[in-house]
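S.K.: Got a sequence here, can you model it:
(2 chains)
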Amino acid sequence: MIFLLTYDRSNGVLVKELQFKDSEIEVANEARLEAEIACAGNGQMEVVILKAESREKLQETHARYFKTLKQLSPT
Amino acid sequence: MATRTQLDRLGERLKRGELDRDNLVALATFRNAFIDSTNKVASRIVGNLGNSKAIISQRPAKSTPSIIAKLRRESVRLTQMQDIGGVRVVVSKISVQNRIVETIRRLYPSSRVVDHRDQPHHGYRAVHVIVEEDGRFVEVQVRTSVQNSWAQLSEKYADVFDQRIKYGQGPARALANLEYLSKYGMNLERREVALDAFRRAEVNDLHRKRRSGKMSKVDRARLAEYQKLRDQKRDSKQAMLRFCKEQIEK
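M.R.: Numbering: from 1, shown residues only, chains lettered A, B, ... in the order given. Next up, the predicted model:
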């Protein structure tokens, strides 16, 4: 599964998430490019494509995009 | 297809912050060329993970802010970057991490291994294996869950407070917290490695001997060593949790 994330670095929050099938990588790439062009004036916006078996697994490997600072601190 | 010179000139424009449509389209074309290689690397690793219960994900193309930050931070040119395509593997502990790194080295004999575990890079601990697939470099990050948790927290601190945190600069308190947690992670994992040296069968055997009153002097010393390591691991974990709770409350 492919995930297109738009992440606001300065506030540490995920502002947009789109999901695509593995076979839709070209569509995802197009969407990514459009999102990057739209965010071009804002250096704090990160647009990234990630791929994982499921959202749960992606949350394990790339927790930063999904969790707050408090949630990431060991408890 | 763009030449290396054209791509490096693109890198220079990006470095200067020229993020117009043409430059972003050219960057996308360059970056997308890494997708197949990254996919192949991930598939080969997945096919050889065995029963490691590893979690794997791909970042088929590094994000634009990360590329620009690297171009500005280092003397590297766009075409020299070896981490445009990335694969991340997260495993339970060091012994599994070692096994997976060896597996990747077997799959890619000419790969380059960068081990940050005993000499952390500004607190960052992991093993990176740079492999080549279809003439393109892909960076495989192999992390334990302890190492990955620290890395995620560090990235978040950088997002929220100051991007320079990742390179040992910025707010002193945040840096001190991350340094403490990195050292804690290293100590915890060293104790885990030492505990792994005790096979379960051996520990069970020692307990059985103790119950039946048939322990030798050597057995008693061995069991005491095991219990000490186990208690140290538990105590350091509790100390770390207290530390984090205090920091959050502040």
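S.K.: can you give me the strands in chain B?
M.R.: B:55-59, B:85-91, B:112-115, B:127-133, B:136-144 (DSSP state E).
S.K.: Could you check how far the nearest residue to B:Arg21 once chain neighbours are set aside is from B:Glu74?
M.R.: Counting by C-beta to C-beta, 6 or more residues apart in numbering or on different chains, A:Ile37 is the residue found nearest to B:Arg21 once chain neighbours are left out, at 5.6 Å. (Glycine included, C-beta is placed from N, CA and C.) For A:Ile37, the distance to B:Glu74 (C-beta to C-beta, to the nearest Å) stands at 26 Å.
S.K.: so which of the strands of chain B comes closest to B:Ala2?
M.R.: Nearest to B:Ala2, of all those, is strand B:136-144, at 14.5 Å by C-beta to C-beta.
S.K.: Who are the packing partners of that closest one?
M.R.: helix B:35-46, strand B:85-91, helix B:94-107, strand B:127-133 (3 or more C-beta pairs under 8 Å, 6 or more residues apart in numbering or on different chains; DSSP states H and E).
S.K.: Compare these and report which one is nearest to chain A.
M.R.: Distance to chain A, taken as C-beta to the nearest C-beta, is lowest for strand B:85-91 among those, at 4.8 Å.
S.K.: Just give the strands next to that closest one in its sheet, each with its orientation.
M.R.: strand B:55-59 (antiparallel), strand B:136-144 (parallel) (DSSP bridges).
S.K.: just the helices in chain A please.
M.R.: Ranges of helices in chain A, per DSSP state H, are A:25-39, A:55-61, A:69-72.
S.K.: actually chain B, not the one I wrote
M.R.: Here chain B has its helices, by DSSP H, at B:4-15, B:21-32, B:35-46, B:64-73, B:94-107, B:145-160, B:172-196, B:200-211, B:217-249.
S.K.: hmm, back to that, tabulate the helices of chain A (JSON lines), appending mean neighbour count and mean pLDDT.
M.R.: Shown next, in JSON lines, are the helices of chain A (neighbours: other C-beta atoms under 10 Å in any protein chain shown; pLDDT from 0 to 100):
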{"stretch": "helix A:25-39", "mean neighbour count": "17", "mean pLDDT": "94"}
{"stretch": "helix A:55-61", "mean neighbour count": "17", "mean pLDDT": "96"}
{"stretch": "helix A:69-72", "mean neighbour count": "14", "mean pLDDT": "86"}
